[in-house]
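K.L.:
Predicted model follows, preceded by the sequence.
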Number of protein chains: 2
Amino acid sequence: MATRIDSANPVFSLETLKVACSTCGLRELCLPLGLSAAEIKRVDAIVRRRRKVRKTETLYHAGMTCRSLYAVRVGFLKTRDPESSGSCRIFGFHMAGELLGLDGIAGGVHTCEAIALEDSEVCEVTFEDLEVLGRELPALQKRFHQILSREIQRDHQIMRVLGCKTAEQRLAVFLLDLSERYESRGYSPASFHLRMSREEIGSYLGLQLETVSRLFSNFRKRGLIEVERRHLILTDRPALQRIANDSDLE
Amino acid sequence: MATRIDSANPVFSLETLKVACSTCGLRELCLPLGLSAAEIKRVDAIVRRRRKVRKTETLYHAGMTCRSLYAVRVGFLKTRDPESSGSCRIFGFHMAGELLGLDGIAGGVHTCEAIALEDSEVCEVTFEDLEVLGRELPALQKRFHQILSREIQRDHQIMRVLGCKTAEQRLAVFLLDLSERYESRGYSPASFHLRMSREEIGSYLGLQLETVSRLFSNFRKRGLIEVERRHLILTDRPALQRIANDSDLE
DNA sequence: CGACCTTTTGAACGTATTCAACCGATGTGG
DNA sequence: CCACATCGGTTGAATACGTTCAAAAGGTCG
């Protein structure tokens, strides 16, 4: 029933208004962060459409022309490298308020593909509109640059993890990162549901799914977490922090 | 003698004019790519200063307030993670025409440090100036976004390498990447000088220096390269390509 | 219910690391 | 000028970490 709205009707509906940036709970995480109410209204106007992506469905494929970026409104998606047949094809997991498609600006083509891990909704904004409006609203321009730069920082963090952390450290970093992101969205930082499989976690962390599974068991035995399938409780976050940080000192 | 010019004299000199963007050989790689002659002149005007960084000297430290980005004019620099005492602190090697400091836009603070691997010169542009001018010159704004997006793509490439390639594949990818970058700057893609130590290569690729050294020897024995200290000749690039690409198929 | 997918666990294996010795080039001071 | 220290690089041997292969249990869905 929900799909009826987004697929067919391009005019404003009550439904559309309800999810305007101005009233969106994510405006403190997403593109509008730091903008005035008036400015947010202008941003609202360039959001082309709010699109639903069902679990397992693809938001965009690699190779598709890319003229827009997408902000996750609700749900959870992954981006992955299409070519590499091997592992480590997953570049990231994306929660509400995060932006997708930043890698496509350079070439006008998506270099990875985005797939929903649960029923999700995204807001689409074209680069063109964003650039035009950015010229009028310096705060928006600045915010956009911040987001791009933030993404580079994030990638550096992942490179650090992949390049010099043990399997144990990688998983600890990963769990704490999820924890923080849930917390900043108002969810419990200690208890949450994993939207991704062991294989996907492994793919993201440069590990085999068996290794991930073993580490979950190992962390459970040491009393650091409780894990039941995909439900997770971080019972000893300070200890996880210690594991994650320990460069090499014992 | 060269330092006298840049350190003391803030007014335009013949020397300064000589290195203006308009006449810079790198304008087809750097920020001005795709701009008209008139637009390049405007970019010239916001280049605050052209700064020399001697070998082993630091262009910026992590934690320093960051209000500018730097374009490499001549030379070769590395950026590295300051905190991690372990390995893999090196995020990248940067050649002429490449931009440094993109990670600092978000927080206004440098998150890594840049160190010259040979005597280098960089052009400094403040984000503020770049944003202001970007509002006037859409082509510049677009170009800047392209560069940021390109950097994200680059990071993805590194994540791919670190996450799912063998040591052998990593080195092959690394050498071919250097090769391409030299070629696009008009140098030989097959014969060049390594500016970095084995340890720095390892740090970048998530390997130990011994492993890198062994791989060089191994590649030499297989007739793929000739290597004499830091001088390198890629004698069989197609073979290196095959090694780099082979996902897992034999 | 049976088919399939995800997850767990075990055992053997292999790749890259670690520790160590050594070499050559460079630089310093007696 | 040579002894000596230092730094970058090479190579060997033992080790360890994570992978690979394999089997089986638990969940989910037609």
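P.N.:
Received it, and whenever you're ready, just let me know what you need.

K.L.:
what about the spatially most central residue of chain A, which helix or strand?
P.N.:
Among the residues of chain A, the one closest to the centroid is residue A:94, at 1.4 Å (C-alpha atoms, centre = their mean). Assigned by DSSP states H and E, residue A:94 belongs to strand A:90-95.

K.L.:
Give me the next element, helix or strand, following that strand.
P.N.:
In N-to-C order, the element after strand A:90-95 by DSSP H and E is strand A:99-100.

K.L.:
near chain B, anything from that next one?
P.N.:
No - applying C-beta under 8 Å from any C-beta of the partner chain, one finds strand A:99-100 separated from chain B by no less than 11.1 Å. To be clear about C-beta, it is placed using only N, CA and C from the backbone, and glycine gets the same treatment.

K.L.:
Would you list the strands that that strand pairs with, along with their directions?
P.N.:
Using DSSP bridges, the strands paired with strand A:99-100 are strand A:68-80 (antiparallel).

K.L.:
hmm, back to that, dump the C-alpha coordinates for the strand holding residue A:94 into PDB.
P.N.:
Output in PDB follows, covering the C-alpha atoms of strand A:90-95 (Å, rounded to 0.1, in the frame of the first residue of the first chain):
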ATOM      1  CA  ILE A  90      31.500  -4.600   1.000                       C
ATOM      2  CA  PHE A  91      32.500  -0.900   1.400                       C
ATOM      3  CA  GLY A  92      30.000   0.100   4.100                       C
ATOM      4  CA  PHE A  93      26.800  -0.300   5.900                       C
ATOM      5  CA  HIS A  94      24.500   2.700   5.900                       C
ATOM      6  CA  MET A  95      22.000   3.800   8.500                       C
END
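
K.L.:
partners of it, with directions?
P.N.:
Strand A:90-95 is paired, per DSSP bridges, with strand A:68-80 (antiparallel).

K.L.:
picking that back up, outside of the strand holding residue A:94, which residues touch it?
P.N.:
Strand A:90-95 is contacted by residues A:72, A:76-81, A:100, A:112, A:114, A:117, A:154, A:158, A:178, A:181-182, A:185, A:195-196, A:200, A:203-204, B:156, B:159 when judged by C-beta atoms under 8 Å, 6 or more residues apart in numbering or on different chains.

K.L.:
Tell me which helix or strand comes right after the host helix or strand of residue A:130.
P.N.:
Using DSSP H and E, residue A:130 sits within helix A:127-136. Proceeding N to C from helix A:127-136, the next assigned helix or strand is helix A:138-164, under DSSP H and E.

K.L.:
can you give me how far that next one is from the chain middle?
P.N.:
Here helix A:138-164 shows a centroid-to-chain-centroid distance of 13 Å under the convention C-alpha atoms, centre = their mean, to the nearest Å.

K.L.:
Which strand or helix spans residue A:175?
P.N.:
helix A:167-183.

K.L.:
Need the contact partners of that helix.
P.N.:
For helix A:167-183, using C-beta under 8 Å, 6+ apart, the contacting residues are A:93, A:95, A:161-162, A:165, A:188-190, A:192, A:194, A:201, A:204-207, A:211-212, A:215-216, A:218-219, A:225, A:232, A:234, A:237, A:240-241, A:243-244, A:246.

K.L.:
rerun that using 7 Å as the cut-off
P.N.:
A:95, A:161, A:165, A:188-190, A:192, A:201, A:205, A:207, A:211-212, A:215, A:234, A:237, A:240-241, A:243-244 (C-beta atoms under 7 Å, 6 or more residues apart in numbering or on different chains).

K.L.:
Now list the buried members of those.
P.N.:
Taking 16 or more other C-beta atoms under 10 Å in any protein chain shown as the criterion, what is buried in those is A:95, A:161, A:165, A:189, A:192, A:201, A:205, A:207, A:211-212, A:215, A:234, A:237, A:240, A:243-244.

K.L.:
quick check, nearest of these to DNA strand C?
P.N.:
residue A:212 (6.8 Å; C-beta to the nearest atom of the strand).

K.L.:
What residues does chain A have near chain B?
P.N.:
A:81, A:84-88, A:91, A:102-103, A:105-106, A:111, A:131, A:135, A:138, A:141-142, A:145-146, A:148-153, A:155-156, A:158-160, A:162-164, A:206, A:247-248 (C-beta under 7 Å from any C-beta of the partner chain).
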